[in-house]
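K.L.:
this one's sequence-less:
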């Protein structure tokens with residue numbers, strides 16, 4: 001590429017705000033990839049995860065069922081493992097709900113990890129781009145003013161072009177960071193909500209299984 005579309009020209013035109021926005025973009029994309037890998041390995045079906053331990057729970061083999069849940073290394077496995085510890089309790093129904101809520105709360109930081117960062121980047125980046133836009137416009141008007149005072153029309157035009165270029169590049173860079181970050185935050189926020197709902201469903205199935213096994 002050449003001219004304004006070359007990388008060197010873009011960095012020169014973007015000014016200092018472009019460097020900061022580039023750092024924000026790198027952080028944002030790293031988090032997006034990390035979260036994608038996290039959720040890809042922890043998606044589960046509530047029916048499948050409870051079905052895999054159904055026979056063990058029905059026969060009262062709670063320790064073996066617990067080990068199988070922990071082997072899954074997922075938030076759902078951990079929550080169900082904790083809930084399974086109430087199977088031998090006389091007050092298991094009330095204790096079950098309390099332990100389930102606590103276990104989900106313990107896993108929420110892992111599921112929501114870094115989401116606040118990309119939400120912040122998605123919100124702040126357009127304003128940083130706007131700041132660069134303002135700097136670019138200021139530079140353009142300063143250049144025009146200096147050219148009028150010194151009688152240099154060509155120099156004023158060159159300064160005007162530089163200022164406008166900085167303004168446009170900064171705006172584009174801010175959107176380049178904000179759009180993916182905001183979209184990723186909304187997507188992963190929905191993934192977290194869906195995972196919590198699936199855990200609630202699986203825990204409810206497990207509770208019924210425990211009650212039935214204890215009545216035998």
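P.N.:
Nice, thanks for sending it over. Predicted model, so just to flag it, every value in this text is computed and none were measured.
K.L.:
alpha carbons only for contacts and neighbour counts from here, please
P.N.:
Fine.
K.L.:
So for the host helix or strand of residue 140, what gets flagged as buried?
P.N.:
Using DSSP states H and E, residue 140 falls within helix 115-150. Using 16 or more other Cα atoms under 10 Å as the burial criterion, the residues of helix 115-150 that qualify are 115, 118-119, 121-144, 147.
K.L.:
Could you do stretch 168-183 as well?
P.N.:
Quick answer for stretch 168-183 (16+ other Cα under 10 Å): 168-178, 180-182.
K.L.:
In helices, which of these appear?
P.N.:
Counting by DSSP state H, the part of those found in helices is 168-178, 180-182.
K.L.:
Can you redo the residues you listed as a markdown table, where the extra columns are distance to residue 191 and pLDDT?
P.N.:
What follows is those, written out as a markdown table (distance: Cα to Cα, whole Å; pLDDT from 0 to 100):
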| residue | distance to residue 191 | pLDDT |
| --- | --- | --- |
| 168 | 35 | 78 |
| 169 | 33 | 80 |
| 170 | 32 | 80 |
| 171 | 30 | 83 |
| 172 | 29 | 84 |
| 173 | 27 | 85 |
| 174 | 26 | 88 |
| 175 | 24 | 90 |
| 176 | 23 | 89 |
| 177 | 21 | 91 |
| 178 | 20 | 93 |
| 180 | 16 | 94 |
| 181 | 15 | 94 |
| 182 | 14 | 95 |
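K.L.:
thinking again about what came up before, export the buried residues of stretch 168-183 to a markdown table and tack on distance to residue 76?
P.N.:
Formatted as a markdown table, the buried residues of stretch 168-183 follow (distance: Cα to Cα, whole Å):
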| residue | distance to residue 76 |
| --- | --- |
| 168 | 47 |
| 169 | 45 |
| 170 | 43 |
| 171 | 42 |
| 172 | 41 |
| 173 | 39 |
| 174 | 37 |
| 175 | 36 |
| 176 | 35 |
| 177 | 33 |
| 178 | 32 |
| 180 | 28 |
| 181 | 27 |
| 182 | 27 |
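K.L.:
Please name the nearest non-neighbouring residue to the one residue sitting closest to the centre of the chain.
P.N.:
Central residue of the chain (Cα atoms, centre = their mean): residue 115, 3.6 Å from the mean position. Leaving aside its sequence neighbours, residue 115 sits nearest to residue 185 (Cα to Cα, 6 or more residues apart in numbering; 6.2 Å).
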